[in-house]
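**Student:** the amino acid sequence is not available; the structure is as follows:
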């Protein structure tokens, strides 16, 4: 079973991150890195705590969905960070971390990755990874967030996505996107470096400091989509995002804001 070398990850972290790293733990197997960090004490404000594995046995996605990844085929990494004061646009943090993940992958030669609002990494019109952010408030007014990312590294030719996660969508992995896949430790370190930077920037700018960068990464822009909110289905064309991270849809010539829901393209929905 594949095990990630935590010292190799530490060696690849920049000094700024090392100075703020409260802990970094690598597991041979764990149910969920997000669940684990949510059960631990949060780091002090401005500090970072990381858990990672190549074998996550009960990974979680949005709306109770599962993250499927055969042992050794992917990287699951979660980072806990504490904001001294809760940002007003905290729900948009997932979007900022998504941009950070793309920057990390580009540093390693994995280009062409885009973002499907609010939390999917897309490459060649297939899902490469996903992000989940959870939070816990403290009596002091501080808030600890746990942001987890699952990235497919090498799914193998026989991988089939199991039913139960909604409409089937193509999946891809880093091994299919580059001639030679970087070591898992290098990928983990690049993500931690970029995540730390995103948390620090979000503290001072909120999502406003990231909104412009989304334009070039927006996979939904110009696509026909359906948003399922639980109460209704909204059909429109992706029209970007607002400064606070809300999805914008062109619905019969009028721009409509969407702040939550399951977003499907017509291809994914089977229409």
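**Tutor:** Perfect, I can see it now. Remember, predicted model here, so these are calculated numbers, not experimental data.

**Student:** now do the helices in the stretch 1-150 of the chain.
**Tutor:** For the stretch 1-150 of the chain, the helices identified by DSSP state H, counting those that start in this stretch occupy 6-11, 15-20, 33-38, 93-107, in order along the chain.

**Student:** just send those back as TSV, with mean neighbour count too.
**Tutor:** C-beta: built from backbone N, CA, C; applies to glycine. As requested, these are arranged in TSV below (neighbours: other C-beta atoms under 10 Å):
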stretch	mean neighbour count
helix 6-11	16
helix 15-20	14
helix 33-38	22
helix 93-107	23
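
**Student:** give me the longest helix you can find in the chain.
**Tutor:** With residue count as the measure and DSSP state H as the assignment, the chain has helix 184-205 as its longest helix.

**Student:** what's the mean pLDDT across that helix?
**Tutor:** Summarised as a single mean, pLDDT over helix 184-205 is 97.

**Student:** cool, and stretch 248-268?
**Tutor:** 91.

**Student:** same question, stretch 235-245
**Tutor:** The predicted model gives stretch 235-245 an average pLDDT of 94.

**Student:** same thing with stretch 52-64?
**Tutor:** Computed over stretch 52-64, the mean pLDDT rounds to 74.

**Student:** and for stretch 117-127?
**Tutor:** The average pLDDT for stretch 117-127 rounds to 95.

**Student:** take the helices of the stretch 1-150 of the chain and write them to JSON lines, including mean pLDDT and distance to residue 185.
**Tutor:** Formatted as JSON lines, these follow (pLDDT from 0 to 100; distance: least, C-beta to C-beta, whole Å):
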{"stretch": "helix 6-11", "mean pLDDT": "98", "distance to residue 185": "4"}
{"stretch": "helix 15-20", "mean pLDDT": "97", "distance to residue 185": "14"}
{"stretch": "helix 33-38", "mean pLDDT": "96", "distance to residue 185": "16"}
{"stretch": "helix 93-107", "mean pLDDT": "97", "distance to residue 185": "13"}
